[in-house]
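Asker: Fold the stuff below for me.
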Amino acid sequence: SESIKWSNMLLSTDGFLKLILTVSGKDMTHFADQWISRNGVTSFNCSFNYIRKKNIVELKLIQEPPKGYQKFIGPMSVVIQEFDGCFDHNIQIEETTVTYELPCHSKIRKAKRRKIPLSHGQEIEIDVSSLDVEVPVLWIKIDHEMLWLCVINIQQPDTVWQNTLNYERDAIAQLKSIEALKGFPSLTTQSVLKDAIMNENFYYNVRIKAASVLSHVLCDLCMSGNGGSPDVLITIYRQLFCVSAYSHVNLVKDNDFTNFASYMLQKSLPAHITSVRNSHSHCPREVLSFIMDVIKYSNNESNQYSDGYYRSALIDALCCYVTPPVAVLQPNEADFGRNPLILLQPDVQIVLQEVVKSLNIDKVLPSYKYCVTVSCLKAVRVLQHMGHIPSSSELFKQYSEAGNYIDIRRTSLECIVDIVQVDENESDFVYLLNVIEDNREIPSIRLLILNSLTSKPPFTRRSESSLNTLTLVERLWKVICSEFSSDSRLRIAAVELYNSLYGHLTPTCVPQGLGMVINLKERVARSNVVSPISKDIELEDIVPSPLLISSTHEMDVSAKGSLPDETTSLPDSSQLLKVPRIKLKISSPESREWSPYSLEEEEGKPKHKKHKIDKQQKKKHKRKKHKHKDN
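Answerer: Numbers count the residues shown, from 1 in each chain. Have a look, this model is predicted:
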């Protein structure tokens, strides 16, 4: 009764589209077919050109739909920021390549500075001396309200992107302009990004993104020899968070995290500073001195918030500083016995000592969620991966054992997975498989290992590896078919791992002939083992004739195939009557009714049904004879 009551209240997609057609008169069939029934995202490449004679903006839009998907058809909004204001336009897209002529409302006036009204209503004064005075268009935005699922790439000069970053107050437009400025490394771009970081009115994610792109721009400038150094970012950090911006000692202010935007920028800047590389692909030594001063003078006594994540970010910055060694010196054995760190470079020694100290301090005074320990473990793995210290998983195995905090265990297991992928260590791989098969382990840890091995497989089907063994295949199949039968997430993750290792084909470690081939036409599963015997095997070829004659009534053998053991000893005549009844069902691989195991033994049934039927027929025949004689 309840279902009948609510049946009229349910609305399907077709019913909703019909309701729209009835109320508004608009047919939404094509819209539903494109955005509800189909998938895929369209990409647009846009460019514009100003035609002075007609005073119009020629907008060219090229649509690149993915393979197998339909093109985009529908309206699109275009916003053009001109000298005299911001103007909206609506265009209708129906073809893959279209060109639109949009009217321009501003006139060309030669002036160094102008007051320009923006889209948010504010009027600002812009220096237009660096712009092309022949073009009264500052920038263009397409689908600025993000009404459609699409990717839009606008080709504009670097000056246009710089103006968008400086004067546009839309955070999405600013992020797009920062990403576009990555392809224009120059001193002007460096200055614009620096101003964006220093501007406290900008959204904090925009400032962090500008710091990230500025590090890439500085790297490109260093590589090309056009200037650029990490001193630019260091100066920004000093001006914002140090006591004096011009002192030789990097004396940091006491931590004050009451301003959330300032805290997020302060936490992210050290990693961007250490990611800058010179022409030799190394981070300058003064960067390490700066980071060590920040760690040394960081004081959190008067701060009401914890500095665990901030100290974790500083450890990550040290981790970003490490680069592969140029050469390794071989010291004397006596010197190495007295000081094991003698193999390391001086700067790497400083990094390793700070990591070990922070790791030990976090045991006594644990940070929130042991975030400092997590960063230290990642730093140790980076030092191993770069070749500064020997690659070993003993430390990570200790932290991955049950009883440690879950984040520490996850990080340690991810480091072990990375060791397995790089070094192909069999003992570590077996350790991970044992954790996966341990039913006492929590499912999230087992799922993490499976997903990590899938994203970082130790080998692939086409590569040769000592880890690719038949034992691994059997263990994975056992896990998929039996261990994870009650947990769908773990089973799917195990299947994905198997697919990343072996694909859809038979593993190369499996000997040829052990698989099964399914003939879909005949609907028969056959073994890949090819029988060396082409003809059908007769019964006399398997069972010795004396045994066959002596046990005619006690043994019924009817088969075509081969027995696994052909050396059968002949029993005595006294034992022939005590031989249990045995049914042998043997067939060659060419038979449809083939079974790999076809030997069945039955006791307590001395005679076959066929013999029973023959006796009954004989009794009936005798009765008919007696009746005939009586008649």
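
Asker: When you work out contacts or count neighbours from here on, use the C-alpha atoms and nothing else.
Answerer: Noted.

Asker: okay, now the residue nearest to Lys456 when sequence neighbours are not counted: neighbour count?
Answerer: In space, Lys456 comes closest to Gln421 once its chain neighbours are excluded; the distance is 6.5 Å by Cα to Cα, 6 or more residues apart in numbering. Gln421 has 16 neighbours, counted by other Cα atoms under 10 Å.

Asker: what helices or strands is the host helix or strand of Gln421 leaning on?
Answerer: Using DSSP states H and E, Gln421 maps to helix 406-423. When contacts are defined as 3 or more Cα pairs under 8 Å, 6 or more residues apart in numbering; DSSP states H and E, helix 406-423 packs onto helix 371-386, helix 394-400, helix 426-437, helix 443-455.

Asker: Report the angle between that helix and helix 443-455.
Answerer: For helix 406-423 against helix 443-455, the angle by axes from the mean of the first three to the mean of the last three Cα atoms, to 10 degrees is 30 degrees.

Asker: related to what we said a few turns ago, so what's the residue nearest to Lys456 up against?
Answerer: Lys456, Pro457, Pro458, Phe459 (Cα atoms under 8 Å, 6 or more residues apart in numbering).

Asker: Okay, now the unreliable bits of the stretch 451-600 of the chain?
Answerer: Along the stretch 451-600 of the chain, the model assigns pLDDT under 70 to residues 512-600.

Asker: Could you pull out the helices in the stretch 101-250 of the chain for me?
Answerer: For the stretch 101-250 of the chain, the helices defined by DSSP state H, counting those that start in this stretch occupy 158-167, 171-181, 187-198, 204-224, 231-241.

Asker: and Lys26, how many neighbours does it have?
Answerer: Count around Lys26 with other Cα under 10 Å applied: 12.

Asker: Glu437 contacts Val479, correct?
Answerer: Yes. Between Glu437 and Val479 a contact is recorded at 7.1 Å, counting by Cα atoms under 8 Å.

Asker: what about those two, which has more around it?
Answerer: Shown here are Glu437 and Val479; by other Cα under 10 Å, Val479 has more neighbours (19 against 16).

Asker: Low-confidence bits of the stretch 151-300 of the chain, can you list those?
Answerer: 245-248.

Asker: quick revisit: just name the most buried of the helices and strands packed on helix 406-423.
Answerer: helix 371-386 (a mean of 22; mean count of other Cα atoms under 10 Å).

Asker: angle of that one against helix 406-423?
Answerer: 0 degrees.

Asker: Against which helices or strands is helix 371-386 packed?
Answerer: helix 308-321, helix 346-364, helix 406-423.

Asker: tell me the angle of the longest one relative to helix 308-321?
Answerer: So the one you mean is helix 346-364. Using the same axes, to 10 degrees: helix 346-364 against helix 308-321 is 160 degrees.

Asker: excluding its backbone neighbours, what's nearest Thr96?
Answerer: The nearest residue in space to Thr96 (Cα to Cα, 6+ apart) is Gln63, at 4.6 Å.

Asker: Helix, strand or coil: sort out Ser500 for me.
Answerer: Classification of Ser500 by DSSP: H, G, I helix; E, B strand; the rest coil places it in helix.

Asker: what's around the residue lying closest to Leu131 once chain neighbours are set aside, how many residues?
Answerer: With Cα to Cα, 6+ apart as the criterion, Leu131 has its nearest non-adjacent residue at 7.0 Å, and that residue is Thr159. For Thr159, the neighbour count with other Cα under 10 Å is 18.

Asker: Cys376 versus Thr159, what's the distance?
Answerer: Separation of Thr159 from Cys376 (Cα to Cα, to the nearest Å): 43 Å.

Asker: Please enumerate the strands of this protein.
Answerer: Assigned by DSSP state E, the strands in the chain fall at 42-51, 56-64, 74-82, 85-93, 97-103, 113-117, 123-127, 137-142, 150-155, 516-519, 524-527, 556-557, 582-584, 599-601.

Asker: Point to the residue nearest the middle of the protein.
Answerer: The chain has Ser455 as the residue nearest its centroid, 5.7 Å off, counting by Cα atoms, centre = their mean.

Asker: measure that residue to Leu10 for me?
Answerer: From Ser455 to Leu10 the distance is 43 Å (Cα to Cα).

Asker: Mind checking which of the contacts of Gln421 are in helices?
Answerer: Using DSSP state H, no member of the contacts of Gln421 falls within helices.

Asker: Closest one of these to Asn90?
Answerer: Of all these, Lys456 has the smallest distance to Asn90: 47.0 Å, by Cα to Cα.

Asker: check contacts around that closest one.
Answerer: Counted by Cα under 8 Å, 6+ apart, Lys456 has contacts Val417, Asp418, Gln421.

Asker: Nearest to Tyr321 among those?
Answerer: Using Cα to Cα, those come closest to Tyr321 at Asp418, 20.0 Å.

Asker: residues in contact with the closest one?
Answerer: Per Cα under 8 Å, 6+ apart, neighbours of Asp418: Lys456.

Asker: cool, and the one 4 residues further on?
Answerer: For Val422, the contact set (Cα under 8 Å, 6+ apart) comprises Pro458.

Asker: okay, it: pLDDT?
Answerer: Looking at Val422, its pLDDT is 92.

Asker: Repeat that for Pro65.
Answerer: For Pro65, pLDDT reads 73.

Asker: Could you check how many residues crowd around Ile80?
Answerer: Residue neighbour count, defined by other Cα under 10 Å, stands at 22 for Ile80.

Asker: Could you do Ile178 as well?
Answerer: Using other Cα under 10 Å, Ile178 has 27 neighbouring residues.

Asker: what about it, distance to Leu10?
Answerer: In terms of Cα to Cα, Ile178 sits 47 Å off from Leu10.

Asker: now swap in Thr373 and tell me
Answerer: In terms of Cα to Cα, Thr373 sits 54 Å off from Leu10.

Asker: quick one on the thing from earlier: tell me what angle the helix holding Gln421 forms with helix 426-437.
Answerer: 140 degrees.

Asker: Can you give me every residue that contacts Gly15?
Answerer: By Cα under 8 Å, 6+ apart, no residues touch Gly15.

Asker: Any figure for the gap between it and Ala402?
Answerer: 55 Å.

Asker: Please apply the same query to Cys242.
Answerer: In terms of Cα to Cα, Cys242 sits 42 Å off from Ala402.

Asker: Tell me which of these two has more neighbours.
Answerer: Cys242 (19 against 12).

Asker: what's near enough to touch that one?
Answerer: Asn250, Leu251, Val252, Lys253.

Asker: Is it bridged to anything, and to what?
Answerer: Under DSSP bridges, the beta-bridge partners of Cys242 are Val252.

Asker: quick one: it from Pro507, how far?
Answerer: From Cys242 to Pro507 the distance is 60 Å (Cα to Cα).
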